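[1] sequence unknown, structure follows:
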């Protein structure tokens, strides 16, 4: 059968970028002084998964890099090497290289071969530099390492100790890798576990096993003071003999298995590490059936004692036949299929095939003693709970609880729901003309429909919502790199990264935020020397915070740097001819930074200008229907606050009528609406009109003028909506206010083009199209119109 | 002669014919999504007069172009007989107001003649050729080329 | 009805590949994303063969094998370990944990089928 591997590529690409992001995130949070083993393991797992996947799907260039990477990580997590800062740098660089390779496989440009070679060499050097002898990062542990003894002492967590079955499980697990002499069995009253273990297995294996039940740090594993075999002095010979005696039983049957079974259970002190034998007896079948006698059926070659544990070993896989110790007793692991295919010629036993034992149905006969039972479900639960406590797994694969859906499909769903909302609004409008008494049931139904539609819309919109962590997660790397470049010490904190925001906004907010973060680092946070001189912690703090406030998402970028310099901003503003005075509030002064072109070096802070591109930031954010504000306190830092609507797909709007057309004014821009009086309107320089509202003079812009519509001329018969856009406030004159709606934003550009003064369109309750005003653009158009008239 | 339109499709196949004033035009039927009556449009501020505005076509905002205005064919009237051809041009949907839809004709390159250098209200760039059916002359239009052209002002120009 | 294979791997692409390959060959496939999930799935639905990765979050392959071997219904079920490490130490650890065999990553679909057929037919 031929299978097209390319069909799996997309999933591989997605999961690999997740692994890379996760790896980077873990690396950035890694404490170089005392890295958590948990994190090192998780980083290792990520590299390991990429290696496995890339190898499987044929992206061998990535396999090459991950192989070296994994090698070094493996030595770190096994604590054979100590983590150093340059290793973290190398890991990050390796991540970058892998990302480039991944992009190349997705159709991107070629990955830089020099960079690949460089990082591989660097990683290899780091892995071997400290211990040049060990060139093979994954130096195989000899299969037949000499047995040694360990004295184990630890205290089990109360919930584990209290469960007899959990304790049984633990000892059973230990018995599988070591001969165990229990010195103190933990129970509810006393959780102490003391035992002597004899095993050829590495210390790590024992720790791994115990780590399942308790915190690895709490495990004491020492070499015992006693001489190596003193522990077995009691009756070693008898034990050994009995052990062999069982397997040598000339006529083993299912019933014969029982005593042997009991033996291991009762005497876990068997001097030979006999885990597989126990497992075997446990399995209850296969042990005798294929006892010697059919060596000729061995597929390729005979198994010799001391062979690798693999008996049937094909290319790249193997089925266990032989026991690790080469004793030849444990000819078969549980689950071996065709037993005839896996006989063992070296087994000293002369067991003849026992038909009763050969069938799995004999299994119940080999009922394990209580001491060996691993089957109690509660115990597994306990084990899991014990494990979970110190398991801070970062990867949340959750294939069960989530599905991947293309954004297109979601958007189609949102569109359809949008249609439903419009249809519902149309129905409601039509029904409002009906006699409420006669049409009582219909009206109640429409009422219910509108509630359901609203709920449905909310649920559907929430599909597009993504956590802010999607954006925040990129900043630790940005901050790390930039702080290094600038010679500053910066700690980054994030708060509220679970706050959700529409996918479209998430994508578009990244650039402005990056700009703000870079500004904070570049111009906000001072050098360590300056900070110390100012009596501050040499390490600055940059905080990114996201939260919901009302119907908006608020994102804050805060630094504890030097703050803005009011005097300098005013000075610069005067130079640029901006209307400023010393009495201006701080708030207004800070806003000056957002003025277009307000950007030169050494303006704001002592280092250079914070003004770089802030007008662009502001424009981008306002383009998203958001607002941005600055707060600053000299010596204490600066805070930039961004307010964004929850989504780009719907908008709260005020509908206004002009010349028979309906327009939507985004509610976020509306300050107030009022009925103008004739003497509020002043004419300036001919045709240019201003409106006097609460001590302010605002440009008076008639929407009918801007759009060339036959609107109401008589000022007293129309209404004014005071709006605030990026150019400031303005009084927009309209014929009438029609109401407030939540409208579904439709693109004009999909089939047409951008229309000056409009940010989009929507469909009203009557099915007609209404334009959504781009308030800032309307103000610009209105002012330009006025200027033209003056010029004319 | 092999006539090929802008989408690379040889100009033989089925064509929808419609009238503008006294002239009869044909467009590739594969570009036609549907034919509707004229309904009230929402005006677009500061748009050229031949762009009537936009309509809500099952939730999609679709611009409506009146070719009669564009080509100066007398006083356009809007009544229950006014017809809008909804076109699918590339990934865009556009409505075109015409005087009336005649029929669907089958044309192959044999009864297609190269366009004359003059004589039509349409620039020859947008004309695939002239077809003759039952003594009627039909101007075969490369509608995709026309609707995406700069002068129709329907598409954002590359410079913008 | 086809025999049921439980594939335990934290890598979605490997899972997808394994599942696709085995399903194409007529096996029924249950997927699990880590050892813990694998254990739950194994308990939920009796599998005829378990294929497990070694390095996984929450519970690794060896722990899963050990735990499965403690369940009466999995005492004799073949369990294959998928591992990138073909070292003898890893094989020994797998053997000790109760694995029936191993399969070295990377592997291709043919190899996978060959081994699975060898074990459960």
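    Happy to help now that I have it. Computed from a prediction, not measured in an experiment: that's the story for all the values here. Numbers count the residues shown, from 1 in each chain, chains lettered A, B, ... in the order given.
[2] Would you confirm that residue A:631 contacts residue A:637?
    No: Residue A:631 lies out of contact with residue A:637 (Cβ atoms under 8 Å); the separation is 9.2 Å. For every residue, glycine as well, the C-beta is placed using N, CA and C.
[3] Specify which residue of those two has the higher count of neighbours.
    residue A:637 (23 against 16; other Cβ atoms under 10 Å in any protein chain shown).
[4] Now residue 30. Nearest residue, chain neighbours left out?
    The chain I'm using is chain A. residue A:39 (5.7 Å; Cβ to Cβ, 6 or more residues apart in numbering or on different chains).
[5] nope, chain C please
    Leaving out its chain neighbours, the residue that sits closest to residue C:30 by Cβ to Cβ, 6+ apart is residue C:6, at 4.7 Å.
[6] What is the burial count for residue C:75?
    Residue C:75 is flanked by 23 other residues according to other Cβ under 10 Å.
[7] Now for chain B, the helix or strand with the poorest mean pLDDT.
    strand B:112-113 (a mean of 79; mean pLDDT, DSSP states H and E).
[8] Show me what it pairs with in its sheet, parallel or antiparallel.
    strand B:127-133 (antiparallel) (DSSP bridges).
[9] In contact with the most centrally placed residue in chain C, which residues?
    In chain C, the residue lying closest to the centroid (Cα atoms, centre = their mean) is residue C:51, at 1.0 Å. Residue C:51 makes contact with C:5-9, C:18, C:79-80, C:82, C:103, C:116 under the criterion Cβ atoms under 8 Å, 6 or more residues apart in numbering or on different chains.
[10] Which of the three states applies to residue A:704?
    helix (DSSP: H, G, I helix; E, B strand; the rest coil).
[11] what about residue A:402, distance to residue B:42?
    Separation of residue A:402 from residue B:42 (Cβ to Cβ, to the nearest Å): 41 Å.
[12] which regions of chain C sit below the pLDDT cut-off?
    Across chain C, the ranges flagged by pLDDT under 70 are C:1, C:84-87.
[13] And for chain B?
    Counting by pLDDT under 70, chain B shows low-confidence ranges at B:1-12, B:74, B:117-122, B:157-160.
[14] and it, which residues reach chain A?
    B:40-47, B:53-56, B:58-63, B:92-94, B:153-156, B:160 (Cβ under 8 Å from any Cβ of the partner chain).
[15] Make a ChimeraX selection of whichever of those residues turn out to be buried.
    Under the burial definition 16 or more other Cβ atoms under 10 Å in any protein chain shown, those of the residues of chain B next to chain A that qualify are selected in ChimeraX by:
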select /B:41,42,43,44,45,47,53,54,55,56,59,60,61,62,63,92,93,94,153,154,155
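[16] tell me the strands in chain B, going along the chain?
    B:13-20, B:23-28, B:32-37, B:51-57, B:60-66, B:83-89, B:92-98, B:100-107, B:112-113, B:127-133, B:136-141 (DSSP state E).
[17] Where do the helices of chain C begin and end?
    In chain C, the segments counted as helices under DSSP state H are C:12-24, C:35-44, C:61-69, C:88-97, C:109-120.
[18] cool, and the stretch 501-650 of chain A?
    A:503-519, A:528-533, A:566-575, A:586-591, A:614-623 (DSSP state H, counting those that start in this stretch).
[19] for these, which one sits closest to residue A:70?
    When these are compared by Cβ to Cβ, helix A:503-519 sits nearest residue A:70, at 30.8 Å.
[20] Which of the residues in the closest one are classified as buried?
    Buried residues in helix A:503-519, defined by neighbour count with 16+ other Cβ under 10 Å: A:503-506, A:508-509, A:512-513, A:515-519.
[21] so how far does stretch A:460-474 reach from one end to the other?
    End-to-end span of stretch A:460-474 (Cα to Cα, to the nearest Å): 27 Å.
[22] If you could redo that for stretch B:142-150, that was the one I meant.
    With Cα to Cα as the measure, stretch B:142-150 spans 15 Å from end to end.
[23] which parts of that stretch are buried?
    Across stretch B:142-150, burial judged by 16+ other Cβ under 10 Å covers B:142-147.
[24] Any idea how many residues pack against residue A:81?
    Counted by other Cβ under 10 Å, the residues lying close to residue A:81 total 21.
[25] Likewise for residue C:45?
    By other Cβ under 10 Å, the residues close to residue C:45 number 11.
[26] How about the contacts made by the residue lying closest to it once chain neighbours are set aside?
    Once flanking residues are discounted, residue C:45 sits nearest to residue C:30: 5.8 Å by Cβ to Cβ, 6+ apart. Contacts for residue C:30 were tallied using Cβ under 8 Å, 6+ apart; they are C:4-7, C:41, C:45, C:47.
[27] rerun that using 6 Å as the cut-off
    C:6, C:41, C:45 (Cβ atoms under 6 Å, 6 or more residues apart in numbering or on different chains).
[28] Any chance of the residues you listed in JSON lines with distance to residue A:530 as columns?
    Compiled in JSON lines, these are given as follows (distance: Cβ to Cβ, whole Å):
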{"residue": "C:6", "distance to residue A:530": "61"}
{"residue": "C:41", "distance to residue A:530": "58"}
{"residue": "C:45", "distance to residue A:530": "64"}
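[29] Including pLDDT, could the buried residues of helix A:503-519 go into a markdown table?
    Output for these, formatted as a markdown table (pLDDT from 0 to 100):
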| residue | pLDDT |
| --- | --- |
| A:503 | 83 |
| A:504 | 81 |
| A:505 | 85 |
| A:506 | 86 |
| A:508 | 86 |
| A:509 | 89 |
| A:512 | 88 |
| A:513 | 90 |
| A:515 | 86 |
| A:516 | 88 |
| A:517 | 89 |
| A:518 | 86 |
| A:519 | 85 |
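[30] could those go into CSV alongside distance to residue A:151?
    Output for these, formatted as CSV (distance: Cβ to Cβ, whole Å):
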residue, distance to residue A:151
A:503, 57
A:504, 62
A:505, 60
A:506, 55
A:508, 61
A:509, 58
A:512, 61
A:513, 55
A:515, 60
A:516, 58
A:517, 53
A:518, 56
A:519, 59
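[31] before we move on, the earlier item: ok, and which of the helices of chain C has the densest surroundings?
    With neighbours defined as mean count of other Cβ atoms under 10 Å in any protein chain shown, those peak in mean count at helix C:61-69, which reaches a mean of 27.
[32] what's the offset of that helix from the middle of its chain?
    Offset of helix C:61-69 from its chain centre (Cα atoms, centre = their mean, to the nearest Å): 10 Å.
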